[in-house]
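> Just the structure for this:
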Amino acid sequence: MEMVFIVAGIAAVTVVGFVILPRRANKSGAPVERTSAAQHTAPSSQSEKGIPLNIRYADGDGEVTSRRIDLSEIREEHYEGLLRPRLIMTGWCYQRRDWSEFVVARIELLTDLRTDEVYDTADAIAGYLRLIAPGAMASLADRVSEGYREIDRAKRDRKLILTPLNATIDWRFSNGTATPKIMKVWITGAAIRPNGQAYAVFAEPIGGASEERPYFTKPLGTGHREVLAIEVEDRKYEGDAIVAWAEERFRKPD
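Residues are numbered from 1 along each chain as shown. The predicted model follows:
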């Protein structure tokens, strides 16, 4: 009888150990990818899939892979021993064919497949994800500190014209990794510094759904739009000539 109690006690301790120990291991470690049966159900529509992204990601072992992700959530997780919360991205991973979680700090390069915008610094990636994720977490302070100071300044320095100009612009994203684009637009204004120097034009696509945006002549921020050429009023301007044209055009009364 004593032997039966001893065997039963050992079995009970073993079961408790299997239940408790994994929880302790995960309490302060990196987030784990979800693998429950429900998580394996693929989303059936784009609205369920989320925002389409490509990421270059370094996992916990240092292995770097390129992945197509449909972003569904950004959240902060707090762990013992960490001074700052860890930002976690959740989405459908086409490589794993499953819902997965990714530590945002390990993302080395991010491309928004809707716009071809490319972000390649930690602050810019975190700031952009905070802005676009469902239930976006970005505040004005985030915009200023995570790569959006230049856009905010351009909006503050914007000079409008009453009659938008029909134009064609060649542009690309500022780190130069995306393919240049040619687009028919309405030129609606320019960003002019207090000293009179032009550094961006504001344009809105003709017939498109996109909003008015600044296109910078020499952008500072990663992922911002850089204007390469403007064809307007039967003339084409490139490089520094864009600055000279904008300064002259927006000094004139409309």
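
> From now on I want contacts and neighbour counts done on CA atoms only, so please keep to that.
Will do.

> residue ranges for the strands of the stretch 51-200 of the chain, please.
51-58, 64-77, 86-93, 98-103, 107-112, 117-119, 158-173, 181-192, 198-205 (DSSP state E, counting those that start in this stretch).

> export those strands to TSV and tack on distance to residue 241, mean neighbour count and mean pLDDT?
Formatted as TSV, the strands of the stretch 51-200 of the chain follow (distance: least, C-alpha to C-alpha, whole Å; neighbours: other C-alpha atoms under 10 Å; pLDDT from 0 to 100):
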stretch	distance to residue 241	mean neighbour count	mean pLDDT
strand 51-58	35	19	95
strand 64-77	39	18	91
strand 86-93	42	21	91
strand 98-103	43	21	93
strand 107-112	30	20	92
strand 117-119	26	24	84
strand 158-173	13	18	91
strand 181-192	14	21	94
strand 198-205	11	24	94
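
> of those, which approaches residue 216 most closely?
strand 198-205 (4.1 Å; C-alpha to C-alpha).

> so what does whichever helix or strand comes after that closest one touch, helix or strand wise?
Remark: after strand 198-205, the chain's next helix or strand is strand 213-216, criterion DSSP states H and E. When contacts are defined as 3 or more C-alpha pairs under 8 Å, 6 or more residues apart in numbering; DSSP states H and E, strand 213-216 sits against helix 149-156, strand 198-205, strand 225-232.

> any weak-confidence spans in the stretch 1-150 of the chain?
1-49, 79-84, 136-148 (pLDDT under 70).

> hmm, 50 instead?
In the predicted model, the stretch 1-150 of the chain carries pLDDT under 50 at residues 4-7, 10, 13-39, 46-47.

> just to revisit the earlier point, let me have the helices and strands packed on strand 213-216 in TSV, adding distance to residue 115 as columns.
TSV is the format used below for these (distance: least, C-alpha to C-alpha, whole Å):
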stretch	distance to residue 115
helix 149-156	17
strand 198-205	13
strand 225-232	11
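
> Can you say which of those is nearest to residue 165?
strand 225-232 (7.4 Å).

> start to end distance for stretch 220-230?
Counting by C-alpha to C-alpha, to the nearest Å, you get 20 Å between the two ends of stretch 220-230.

> circling back to that earlier point, of the helices and strands packed on strand 213-216, which is nearest residue 64?
strand 225-232 (27.7 Å).

> Give me the helices and strands touching that closest one, please.
Strand 225-232 packs on strand 158-173, strand 213-216, strand 235-238, going by 3+ C-alpha pairs under 8 Å, 6+ apart.

> domain ranges for this protein?
By the assignment in automatic domain parsing, the chain contains the domains 37-147, 151-249.

> Pull up the distance across the last one, start to finish.
End-to-end distance for domain 151-249: 21 Å, by C-alpha to C-alpha.

> quick one: contacts for the closest residue to residue 120 other than its chain neighbours?
Computed as C-alpha to C-alpha, 6 or more residues apart in numbering, the closest residue to residue 120 that is not its neighbour in sequence is residue 109, at 4.6 Å. Contact analysis of residue 109 by C-alpha atoms under 8 Å, 6 or more residues apart in numbering lists 55, 56, 57, 118, 119, 120, 121, 125.

> run the last query once more with 7 Å
Contact analysis of residue 109 by C-alpha atoms under 7 Å, 6 or more residues apart in numbering lists 55, 56, 119, 120.
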